[in-house]
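In: predicted model follows, preceded by the sequence.
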Amino acid sequence: MILKSHLPIIVKLKVFLDRSRMYVSYIQFFMLGIILLKSFKDEPFGIWVFANAIWTIPLTVIVMGMGALLIGYLDLRLGIFSAEQKRISERNPVLNELNKKLDPIIDKIS
């Protein structure tokens, strides 16, 4: 089958796309902040922000970055990330097969 012969290439490209998706999401996060600021441009608050842009825009970027770090910290602290990784590893057929092979060895050692 043609798909089986091209499977390693398809998997490699999928890994590249998955890794790049994370970096693209960082760019989208900051673009969202820019769009948010521009949507307030003609409002009284936006006029004030852009009149004091020398400190308000860097402060906004810092606050957004700190907010993202806080969300990441809470994700780790609440155990969401580890539960997600555990669930993913339970569904991984390669790790399941490896665990089946290691169980008898562990039993012999114990």
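Out: Alright, I've got the coordinates.

In: how about the helices in the chain?
Out: Using DSSP state H, the helices of the chain run over residues 2-39, 44-51, 53-77, 80-90, 93-109.

In: redo those helices as a markdown table? Include mean pLDDT and mean neighbour count.
Out: Every C-beta, even on glycine, is put in place using the N, C-alpha and C of the backbone. A markdown table is the format used below for the helices of the chain (pLDDT from 0 to 100; neighbours: other Cβ atoms under 10 Å):
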| stretch | mean pLDDT | mean neighbour count |
| --- | --- | --- |
| helix 2-39 | 83 | 10 |
| helix 44-51 | 87 | 12 |
| helix 53-77 | 89 | 11 |
| helix 80-90 | 83 | 11 |
| helix 93-109 | 85 | 9 |
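
In: from Ile35, how far off is Ile71?
Out: Per Cβ to Cβ, to the nearest Å, Ile71 is found 19 Å from Ile35.

In: actually Phe29, sorry about that
Out: Phe29 is 11 Å from Ile35, by Cβ to Cβ.

In: ok, Trp48 next?
Out: Taking Cβ to Cβ, one finds Trp48 at 18 Å from Ile35.

In: ok, now Ser89?
Out: Counting by Cβ to Cβ, the separation of Ser89 from Ile35 is 37 Å.

In: repeat for Ile27
Out: Ile27 sits 12 Å away from Ile35, going by Cβ to Cβ.

In: then Asn92?
Out: Computed as Cβ to Cβ, the Asn92 to Ile35 distance reads 38 Å.

In: now do the same contact list for the residue nearest to the spatial centre of the chain.
Out: Nearest to the geometric centre of the chain sits Met22, at 5.1 Å (Cα atoms, centre = their mean). The contact partners of Met22, by Cβ atoms under 8 Å, 6 or more residues apart in numbering, come to none.
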